[in-house]
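S.K.: Fold the stuff below for me.
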Amino acid sequence: MDVPGRWKGLDFLLNRSGNITGPDFEPDPAVREFLHDSCRVLCVGAGGLGCELLKDLALTGFGNIDVIDMDTIDVSNLNRQFLFRMKDVGKPKAEVAAERVKARVKGVQVTPHFCRIEEKPIEFYEEFHVIILGLDSLEARRYMNQVACSLLAYDSDGKPDLATIKPLVDGGTEGFKGHARVIIPGFTPCFECTLWLFPPQVKFPLCTLAETPRSPAHCIEYAHLIQWGRDRPDEEFDADIEEHMKWMYKHALARAQEFGIQGVTYQLTQGVVKNIIPAIPSTNAIVAAACTLEALKMVTMCSTQMQNYMMYVGTDGIYTHTAAYEQDPLCAICSPGLPFEVQSSMTLQQVIDAISSARQLDKPSVSYGAENLYMHGPLEELTRHNLTKVIGDLVDGDGSIIQINDKKLSATLRLKLKFTDTPMLDANGTS
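M.R.: All right, here's what the predicted structure looks like:
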């Protein structure tokens, strides 16, 4: 990557001190060497925002980039996803984007992963210094947030273990609006802490869909919410399966023709079902630049970090605003532990039963620090003897944090035990 003069601007940032550098920043040419040779960054998504992110990361000096995306290239992508060409239609986005970036920026290594993010083991995400999200799905963002927070460990005092922090930079765009945010698990609000930032999706009354559709969206939602379940009751609809989407378009179009409604297209069907808002290339470019800058600051400390959410609005001119949102102390995903009252004389089995009842869990496994108190599966027999022991003997006292894992949980649940002397009541309400 050492083309003469290529990194002159980057060296101005990394080789000089200043008034707004991050904590413990030391100007040194070795910082750029780390950025080029050792730092690993993962870009999740290779769509409109992902293409901009990959380009920016490579041109900013990141030498080892991985990109993961499950989609293939559609002709409708070509107006804004500039790494793709007509000859690429039908090919995996991650693979084509990786090859284009490597061809444009000599020396950079871009490794593609053509798969769903859920298919990668947790160990895969541990390999990276920073993860950047260029997603258009709320569910995918929540999943990656849970992955990062599940890697976070707390010490006995409830303080985050700095070695286990996996920082996220999240970018998102909706038309002329966008955001960039920094998520440092344990220090800044995670995605779940601020779900209220995302507006609820528009919902249509079922009676309108079934009886008096008046717009193309009504016809599409009829096929989506009513006709699919009626015609294919044993099959779950997946918007990422092409055959499912084509079926949806075919039946929405037939519904529209029945009621004399114009405007149902395949692209609109995708937009309604996936809640997609048309992307604006300039918005993608602005948000990607902000995300890349935060990633650079995060791994080099060349400047202070964003605190911690930046919104961009380009509908009437250019407007940005940065807000320092606060972490939710009762967040089930990133908090040190949700308070849970038990008696110190309760057995581990009684504690598990109480947790299962309160959280509607199936077969929870319980650990304390690095010790497995009770585990389902292959370790069940080895940990079964703990079920009859009292919880007060298994943990270090009031305020101890236990970890709960269950197939009904999307991430590890941390509970901060609060011992109480309140007598336990049986099913009849007597102590």
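S.K.: Only C-alpha atoms from now on, for both contacts and neighbour counts.
M.R.: Will do.
S.K.: Three-state assignment for Thr111, please.
M.R.: strand (DSSP: H, G, I helix; E, B strand; the rest coil).
S.K.: List the residues that contact it.
M.R.: Counting by CA atoms under 8 Å, 6 or more residues apart in numbering, Thr111 touches Ile65, Asp66, Val67, Glu95, Ala98.
S.K.: and those residues, which of them are in helices?
M.R.: Glu95, Ala98 (DSSP state H).
S.K.: Now for the contacts of Thr111: which two are most distant?
M.R.: Ile65 and Glu95 (12.5 Å; CA to CA).
S.K.: Residues touching the lowest-mean-pLDDT helix or strand in the chain, excluding its own?
M.R.: Within the chain, no helix or strand scores below helix 206-211, which has a mean of 74 by mean pLDDT, DSSP states H and E. The contact list for helix 206-211 (CA under 8 Å, 6+ apart) reads His218, Cys219, Glu221, Tyr222, Ile226.
S.K.: List the ones among these that fall in strands.
M.R.: In strands, judged by DSSP state E, none of the contacts of helix 206-211 are found.
S.K.: Closest to Ile20 out of these?
M.R.: Scanning these for proximity to Ile20, where the rule is CA to CA, the winner is Glu221, at 51.0 Å.
S.K.: wait, isn't the closest one in contact with Lys274?
M.R.: No - between Glu221 and Lys274 there is no contact under CA atoms under 8 Å: 10.9 Å.
S.K.: who has more neighbours, those two?
M.R.: Glu221 (23 against 14; other CA atoms under 10 Å).
S.K.: For stretch 141-149, what is the distance to the chain centroid?
M.R.: 4 Å (CA atoms, centre = their mean, to the nearest Å).
S.K.: Strands of the stretch 151-300 of the chain, residue ranges please.
M.R.: 168-174, 177-183 (DSSP state E, counting those that start in this stretch).
S.K.: for the chain, longest helix please?
M.R.: helix 281-300.
S.K.: okay, the angle between that one and strand 177-183?
M.R.: With axes from the mean of the first three to the mean of the last three CA atoms, to 10 degrees defining the directions, helix 281-300 sits at 10 degrees from strand 177-183.
S.K.: Give me the buried positions along helix 281-300.
M.R.: For helix 281-300, burial by neighbour count (16 or more other CA atoms under 10 Å) applies to 281, 283-300.
S.K.: Following the chain onward from it, which element is next?
M.R.: strand 309-313 (DSSP states H and E).
S.K.: Now that next one - C-alpha only, PDB.
M.R.: Only the C-alpha atoms of strand 309-313 are listed here, as PDB (Å, rounded to 0.1, in the frame of the first residue of the first chain):
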ATOM      1  CA  TYR A 309     -25.200   9.700  17.700                       C
ATOM      2  CA  MET A 310     -25.100  12.000  14.600                       C
ATOM      3  CA  MET A 311     -28.200  12.600  12.500                       C
ATOM      4  CA  TYR A 312     -28.100  14.100   9.000                       C
ATOM      5  CA  VAL A 313     -31.100  15.700   7.100                       C
END
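S.K.: Who are the packing partners of that strand?
M.R.: Strand 309-313 makes packing contacts with strand 177-183, strand 319-323 when contacts are defined by 3 or more CA pairs under 8 Å, 6 or more residues apart in numbering; DSSP states H and E.
S.K.: Which secondary structure elements does whichever strand or helix holds Val147 sit against?
M.R.: Assigning secondary structure by DSSP H and E places Val147 in helix 138-150. Applying 3+ CA pairs under 8 Å, 6+ apart, one finds that helix 138-150 contacts helix 122-126.
S.K.: Contacts for the helix it packs on, please.
M.R.: With CA under 8 Å, 6+ apart, helix 122-126 has contacts from Val147, Ala148, Leu151, Lys166.
S.K.: about what we covered before: tell me the gap between the longest helix of the chain and the middle of its chain.
M.R.: The answer for helix 281-300 is 17 Å, by CA atoms, centre = their mean.
S.K.: What of stretch 162-182?
M.R.: With CA atoms, centre = their mean, you get 9 Å for stretch 162-182.
S.K.: same deal with stretch 122-136?
M.R.: 9 Å.
S.K.: again with stretch 386-399
M.R.: 35 Å.
S.K.: Enumerate the positions of it that are buried.
M.R.: Within stretch 386-399, the residues scored as buried using 16+ other CA under 10 Å are Asn386, Leu387, Lys389, Val390, Ile391, Gly392, Leu394, Val395, Asp398, Gly399.
S.K.: list the contacts for the second one?
M.R.: For Leu387, the residues meeting the contact criterion (CA under 8 Å, 6+ apart) are Thr347, Leu348, Gln349, Tyr374.
S.K.: Just the pLDDT at the second one, thanks.
M.R.: So the one you mean is Leu348. We have a pLDDT of 93 for Leu348.
S.K.: What is the burial count for Asn64?
M.R.: 21.
S.K.: residues in contact with it?
M.R.: Contacts of Asn64 (CA under 8 Å, 6+ apart): His36, Asp37, Ser38, Cys39, Arg40, Val41, Val108, Gln109, Val110.
S.K.: Quick check: PyMOL command selecting the buried ones in the residues you listed.
M.R.: Written as a PyMOL command, the selection of buried residues from those, which uses 16+ other CA under 10 Å, is:
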select buried, resi 36+39+40+41+108+109+110
